[in-house]
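A.B. asks: Fold the stuff below for me.
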Amino acid sequence: MPPAALTPDVPKRSPIEQARFNMIEQQIRPWDVLDTRVLDLLAAVPRECYVPIRYQKLAFVDTEVPLGFDQSMWPPRVEGRCLQALQLEPGDQALEIGSGSGYLAALMAGAGATVTSYEIHGELARRARNAMANNGVEGVEIHKACGIAALDAAADHWDAIVLTGSVPFIPDRWLEQLKDGGRLFAVVGEGPAMHARLYTRKAGVVTHAHLFETSIPALDNAPHRNAFVF
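C.D. replies: Down below sits the predicted model:
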């Protein structure tokens, strides 16, 4: 009688690692996030460390996670699509408007970008800094300030800009801050129909691609179109 086939030893995942695995395989990958660098980042950066303690059960759930101050973390699949669209490379200079939990900035830093992030709510900025410090994240500066005002006033040029709240439109002056080949990710429109878009600047010409539909809270102090045209 032939010997019984040996079953290879497969390390058993802890409950939290199984939940993270399920988040990636059941939520993020099916939403056309196929870039292995992005998937590896999502597996490596501990999302649960950026979720408020009272909402830990939602850390890997396909939903927004409340942060307070009428702010929330994006669902994991949106974070994945954003990172995949930006195609960050080591050495990229990235600007984030709305630090929130700090998780997205940590992911961008994990991709090798140097991140400057603005958060209008001091308590959220403090929490985000603490979460990054506790997890050894480097290459991120979080400023307690209005991101929209900073973006309007800035004269810097960026490889990537991310707006973590929605805006009704993208002013030309923001797009002018992109370097050649620079990308801007934003959710544009007013509820309930909003569109995630990637704007790209090449040789002085800006184009944009529609990525998916979603609905997220507006950025504080987001610009508004004039109600009347004279």
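
A.B. asks: In this protein, where is pLDDT below threshold?
C.D. replies: Scanning the chain for pLDDT under 70 picks out 1-10, 154-155, 226-230.

A.B. asks: Please go through this protein and pick out the longest strand.
C.D. replies: strand 178-190 (DSSP state E).

A.B. asks: Show the subsequent helix or strand relative to that strand.
C.D. replies: Next helix or strand after strand 178-190 toward the C-terminus (DSSP states H and E): strand 193-202.

A.B. asks: Of all the residues in that next one, which ones are buried?
C.D. replies: M194, H195, A196, R197, L198, Y199, T200, R201 (16 or more other CB atoms under 10 Å). To be clear about C-beta, it is placed using only N, CA and C from the backbone, and glycine gets the same treatment.

A.B. asks: Kindly indicate which of those lies nearest A85.
C.D. replies: L198 (4.6 Å; CB to CB).

A.B. asks: Run through who's touching the helix or strand containing H210.
C.D. replies: H210 belongs to strand 205-214 when elements are defined using DSSP H and E. In this structure, residues lying in contact with strand 205-214 by CB atoms under 8 Å, 6 or more residues apart in numbering are 78, 81, 85, 175, 178, 187, 193-200.

A.B. asks: Ok, stretch 164-172 next?
C.D. replies: 71, 74, 96-100, 104, 184, 186-190, 194, 197, 199, 215-220, 222-225.

A.B. asks: and with 7 Å instead?
C.D. replies: Contact partners of stretch 164-172, identified using CB atoms under 7 Å, 6 or more residues apart in numbering, comprise 96-98, 100, 104, 186-190, 194, 199, 216-219, 222-225.

A.B. asks: that older thread, direction included, what does the strand holding H210 pair up with?
C.D. replies: Paired strands of strand 205-214, with direction, are strand 193-202 (antiparallel) (DSSP bridges).

A.B. asks: what's next to the partner strand, contact-wise?
C.D. replies: For strand 193-202, contacts defined as CB under 7 Å, 6+ apart pick out 81, 85, 166, 170, 175, 178, 180-189, 206-216.

A.B. asks: which non-adjacent residue is nearest the spatially most central residue of the chain?
C.D. replies: Geometric centre of the chain, nearest residue: L104, 4.0 Å, by CA atoms, centre = their mean. Spatial nearest neighbour of L104, excluding adjacent residues (CB to CB, 6 or more residues apart in numbering): E79 at 6.0 Å.

A.B. asks: how about the one you found, secondary structure?
C.D. replies: State at E79, reduced to three classes by DSSP: H, G, I helix; E, B strand; the rest coil: helix.

A.B. asks: That one reaches A105, doesn't it?
C.D. replies: No: contact criterion CB atoms under 7 Å: E79 and A105 do not qualify, at 11.1 Å.

A.B. asks: more crowded one of those two?
C.D. replies: With neighbours defined as other CB atoms under 10 Å, E79 and A105 compare such that A105 has more, 30 against 22.

A.B. asks: would you say that one is within a helix?
C.D. replies: Yes: applying three-state DSSP, one finds A105 inside a helix.

A.B. asks: who's in contact with it?
C.D. replies: E96, S99, V115, S117, V140.

A.B. asks: And L107, by the same measure?
C.D. replies: For L107, the contact set (CB under 7 Å, 6+ apart) comprises L41, V45, E79, L83.

A.B. asks: hmm, 10 Å instead?
C.D. replies: By CB atoms under 10 Å, 6 or more residues apart in numbering, the contact set of L107 is 38, 41-42, 44-45, 47, 50, 79-80, 82-83, 86, 88, 113, 115, 137.
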